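A.B. asks: need the 3D shape of this:
(chains A and B)
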Number of protein chains: 2
Amino acid sequence: MKRKVGIIGLGLLGGSLAKGLVQFTDYEVIGYARRSEICEQALADKTVTHAYKDPKEVVAEADILVFALPPDTNARLFEELAPLIRPRTLITDVSSTKTNFARTVKQYLPQGAKFVSIHPMAGSEKGGYGMAKADLFKNCTWIVLEDDVESGWDAAAAAELAEMGKLLGGRVEQIPMSVHDGFMATISHMPHMVAAMVATIAGGDEFGDLRLRLAAGGFRDITRVAGGNPGMWREIITGNRTEVVRALSDLEQQISNIKNLLLTADDDTLESYLNDAKHIRDKFSLL
Amino acid sequence: MKRKVGIIGLGLLGGSLAKGLVQFTDYEVIGYARRSEICEQALADKTVTHAYKDPKEVVAEADILVFALPPDTNARLFEELAPLIRPRTLITDVSSTKTNFARTVKQYLPQGAKFVSIHPMAGSEKGGYGMAKADLFKNCTWIVLEDDVESGWDAAAAAELAEMGKLLGGRVEQIPMSVHDGFMATISHMPHMVAAMVATIAGGDEFGDLRLRLAAGGFRDITRVAGGNPGMWREIITGNRTEVVRALSDLEQQISNIKNLLLTADDDTLESYLNDAKHIRDKFSLL
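C.D. replies: Down below sits the predicted model:
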């Protein structure tokens, strides 16, 4: 019998995962969506074999349970559903911040169930089932988190989720749970706030429109992510509050250093700094 | 007789201007390059009718003199060439910072010569004559600076340079000299330093390589300009030192505000902030 993946939440990530699993793997896929039109649409698309408006139905059937709602909603729902989770169920989630959900899971995970978190680094400024597509994870980094066995982590389950990522076209990386949120703050969440801050400084006063008319490609790229969904990013960033604050403090230190170089006219050191940054950026380009 | 444009420096901007003027306008173009192989190449390409290794020859012939070298080099050369500039010559420059060169011009400009600065907001991470192309200015913002007549500014000359920008496919904007460098610090130079700082924070320590392997599209776009030429950017940023420091201080204020919102869990205000930033970014997209 086919292994059954139950997806809690058929938004951009959950919907794309469902579509990808149907197209590229042998898993059977079932899903939960709060709104009945999404359930009907997913059934009509053959994205799932069964769609439920009650997540308990999904929990009752699934071998792998994927929490694909925003982190706080995932945690709330997990707490509610935990007593119904069957032994040997593999729990995972696809959120971009991990600590809060993982804490809830560790607290309520039933005996015998497994928990391996993943983070497929795919997304878009535009969310929702309507944007979901089977190849969303193609060439994306598919992070599988390592944790201690006492937390329900299991090597075979991690291997299954890594294989799933490969089948969907992802590039698998495995990192410890303990460094995940700090890394994300540094490479994604703090940069997101930076994009919003640069847009605010350029456009937020009476000269804003004129400045925006003059801005070019560099500004366009640096601020692109600031066009993302504010509600979604609020949840991502506040869900990783401590690490985002830490990364913003790192940025403050860098700024203080650069201002000092400029004010003391230490232009050679400034050029070295730009040179080192270019070296890092060039290395990233080649990955 | 055709009006003659003399271009001092046949790098990416000067070379592209020469090629564009030949292809899209009636101007005759002559040029100065320090290296004889560039002179020969430009002649072979028919980018110029005459190429000189001595800028004095260009000054002796040109009706419009375009300084297209880095800002400090432009200023040094202008001081040296000023006594040779003929009355009614129109002086311009294409630098991305204006204050320093403009100060030198105002000090040494001969009686009867005119000075109208322009800033075509085009460029590339890759510089040099080899990258120059006739359509570099297509769809770029072509800024013509307003100044006071006592500084040699002239409305007819400004109109001629605006028309030149249009013929090359640019979108002309006119702004006062007094706001130019502050605007550029805000929409280009400070953001450039931010890109370098974000790359440094993500990649500059022992976990750097792992973080870079995990980074995705947001990081790629935010840090893109950090791949630019460090020597060129050193000159741009130090040439606009005061305004860049001011813009970095603006950024420090924003960071302090955001950290405060995060630490006091004022998440509604954070979402409003993200919402306002999105509004600005969306407006920019539609320009």
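A.B. asks: show me which helix runs longest in chain A.
C.D. replies: When chain A is parsed with DSSP state H, its longest helix is helix A:241-263.
A.B. asks: which neighbouring elements make contact with the helix or strand hosting A:Leu212?
C.D. replies: Using DSSP states H and E, A:Leu212 sits within helix A:208-214. Identification of packing neighbours for helix A:208-214 by 3 or more C-beta pairs under 8 Å, 6 or more residues apart in numbering or on different chains; DSSP states H and E yields helix A:190-203, strand B:141-146, strand B:171-176, helix B:177-184, helix B:267-286. The way it works is simple: take the backbone N, C-alpha and C, and place the C-beta from them, glycine included.
A.B. asks: so which of these is the most surrounded?
C.D. replies: Stretch with highest mean neighbour count among the helices and strands packed on helix A:208-214: helix A:190-203 (a mean of 27; mean count of other C-beta atoms under 10 Å in any protein chain shown).
A.B. asks: from the contact counts, what lies against it?
C.D. replies: Counting by 3+ C-beta pairs under 8 Å, 6+ apart, helix A:190-203 packs on helix A:208-214, helix A:217-223, helix A:230-238, helix A:241-263, helix B:190-203, helix B:217-223, helix B:241-263, helix B:267-286.
A.B. asks: for B:Leu167, which of those is the nearest?
C.D. replies: helix A:208-214 (20.2 Å; C-beta to C-beta).
A.B. asks: got the buried residues for that closest one?
C.D. replies: By 16 or more other C-beta atoms under 10 Å in any protein chain shown, the buried positions in helix A:208-214 come out as A:Gly208, A:Arg211, A:Leu212, A:Leu214.
A.B. asks: what of stretch A:225-232?
C.D. replies: In stretch A:225-232, the ones that count as buried by 16+ other C-beta under 10 Å are A:Val225, A:Ala226, A:Gly227, A:Gly228, A:Asn229, A:Pro230, A:Met232.
A.B. asks: distance to A:Ala122 for the helices and strands packed on helix A:208-214 - can I get that in a markdown table?
C.D. replies: Output for the helices and strands packed on helix A:208-214, formatted as a markdown table (distance: least, C-beta to C-beta, whole Å):
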| stretch | distance to A:Ala122 |
| --- | --- |
| helix A:190-203 | 16 |
| strand B:141-146 | 33 |
| strand B:171-176 | 35 |
| helix B:177-184 | 35 |
| helix B:267-286 | 21 |
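A.B. asks: which of the ones you listed sits closest to B:His50?
C.D. replies: The nearest among those, by C-beta to C-beta, is strand B:141-146 at 25.7 Å.
A.B. asks: check the offset of that closest one from the chain's centre.
C.D. replies: 11 Å (C-alpha atoms, centre = their mean, to the nearest Å).
A.B. asks: and A:Ala60, what does it touch?
C.D. replies: A:Leu84, A:Arg86 (C-beta atoms under 8 Å, 6 or more residues apart in numbering or on different chains).
A.B. asks: look up how far A:Leu43 lies from it.
C.D. replies: 18 Å (C-beta to C-beta, to the nearest Å).
A.B. asks: just the terminal-to-terminal distance for stretch A:25-39.
C.D. replies: Distance across stretch A:25-39, first residue to last, is 21 Å (C-alpha to C-alpha, to the nearest Å).
A.B. asks: and it, what's buried?
C.D. replies: Residues of stretch A:25-39 classed as buried: A:Thr25, A:Tyr27, A:Glu28, A:Val29, A:Ile30, A:Gly31, A:Tyr32, A:Ala33, A:Ile38, A:Cys39 (neighbour count, 16+ other C-beta under 10 Å).
A.B. asks: same check, this time on stretch A:153-163
C.D. replies: Those would be A:Trp153, A:Asp154, A:Ala157, A:Ala158, A:Glu160, A:Leu161, A:Ala162, for stretch A:153-163 by 16+ other C-beta under 10 Å.
A.B. asks: helices - which of these land there?
C.D. replies: Among the buried residues of stretch A:153-163, the members found in helices (DSSP H) are A:Ala157, A:Ala158, A:Glu160, A:Leu161, A:Ala162.
A.B. asks: pretty sure the first one contacts A:Val116?
C.D. replies: Going back to what we said before, that points to A:Ala157. Yes: because the distance of 4.7 Å satisfies C-beta atoms under 8 Å, A:Ala157 is recorded as touching A:Val116.
A.B. asks: and the nearest residue to A:Thr47 once chain neighbours are set aside, how many neighbours?
C.D. replies: Sequence neighbours aside, A:Ala18 is the residue nearest to A:Thr47 in space, at 4.6 Å (criterion: C-beta to C-beta, 6 or more residues apart in numbering or on different chains). A:Ala18 has 29 neighbours, counted by other C-beta atoms under 10 Å in any protein chain shown.
A.B. asks: now A:Ala18: how far from A:Phe115?
C.D. replies: Distance from A:Ala18 to A:Phe115, by C-beta to C-beta: 21 Å.
A.B. asks: hang on, the earlier thing: just curious, which of the buried residues of stretch A:225-232 is nearest to B:Asp135?
C.D. replies: Distances from B:Asp135 to these, taken by C-beta to C-beta, are shortest for A:Gly227, at 27.9 Å.
A.B. asks: got the contact list for that closest one?
C.D. replies: A:Gly227 neighbours (C-beta under 8 Å, 6+ apart): A:Glu125, B:Lys278, B:Arg281, B:Asp282, B:Ser285.
A.B. asks: do A:Asp266 as well
C.D. replies: A:Asn260.
A.B. asks: next: A:Asn260.
C.D. replies: A:Asp266.
A.B. asks: if we use 10 Å, what do you get?
C.D. replies: A:Asp266, A:Thr269, B:Val245 (C-beta atoms under 10 Å, 6 or more residues apart in numbering or on different chains).
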